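Participant: Need coordinates for the following:
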Amino acid sequence: EVYPVESGGGLVQAGGSLRLSCQASGFAFDDYAIGWFRQAPGKEREGIACISSWDGSAHYVDSVKGRFTVSSDNAKNTAYLQMNSLSPEDTAVYYCAVDTTTTTCSHADFVAYGQGTQVTVSS
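Facilitator: Coordinates of the predicted model:
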């Protein structure tokens, strides 16, 4: 069973940076799509980034494009979300999710989510 675990959240001032980690076990970290999601208070969970093992390509929603970078280290079974130029609007619980049935984000159906990590950005 795939079990992702997020870490790296915390409190940061506006303009600051954080790097989230998503360590996933239970599968061979070779073929996957890993997505990053967030849920702000009172809002629905939204997908913000994804990385495909097929070609290492990364995809972002417009609200984080140019500020966030997703990457993965297969040797460490870990994916990362580097978040720069954070603003209070980025405050949310951040989740990663893994789909091991595909190697491309466009075909991903994420069902295995972690427990989330809180990111709070103060103004």
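
Participant: buried sites along stretch 4-11?
Facilitator: Within stretch 4-11, the residues scored as buried using 16 or more other Cβ atoms under 10 Å are 4, 6, 8-9. For glycine as for every other residue, the C-beta is placed from the backbone atoms N, C-alpha and C.

Participant: repeat for stretch 80-87
Facilitator: For stretch 80-87, by 16+ other Cβ under 10 Å, it's 80-81, 83, 86.

Participant: can I get the residues you listed in CSV with secondary structure, distance to Ala33 and pLDDT?
Facilitator: Shown next, in CSV, are those (DSSP: H, G, I helix; E, B strand; the rest coil; distance: Cβ to Cβ, whole Å; pLDDT from 0 to 100):
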residue, secondary structure, distance to Ala33, pLDDT
Tyr80, strand, 15, 97
Leu81, strand, 14, 98
Met83, strand, 20, 98
Leu86, coil, 25, 98
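
Participant: tell me which of these is nearest to Ser106?
Facilitator: Of all those, Ser106 sits closest to Leu81, with 19.3 Å by Cβ to Cβ.

Participant: which two from the buried residues of stretch 4-11 end up farthest apart in space?
Facilitator: Pro4 and Gly9 (14.1 Å).

Participant: what's the helix or strand of the chain with the lowest mean pLDDT in contact with?
Facilitator: Taking mean pLDDT, DSSP states H and E as the measure, the chain has strand 112-113 as its least confident helix or strand, at a mean of 88. Outside strand 112-113, the residues that touch it by Cβ atoms under 8 Å, 6 or more residues apart in numbering are 1-4, 37, 95-99.

Participant: so how far does stretch 34-49 reach from one end to the other?
Facilitator: 8 Å (Cα to Cα, to the nearest Å).

Participant: Quick check: mean pLDDT of it?
Facilitator: Model confidence over stretch 34-49, given as mean pLDDT, is 96.

Participant: With stretch 22-31 instead?
Facilitator: 83.
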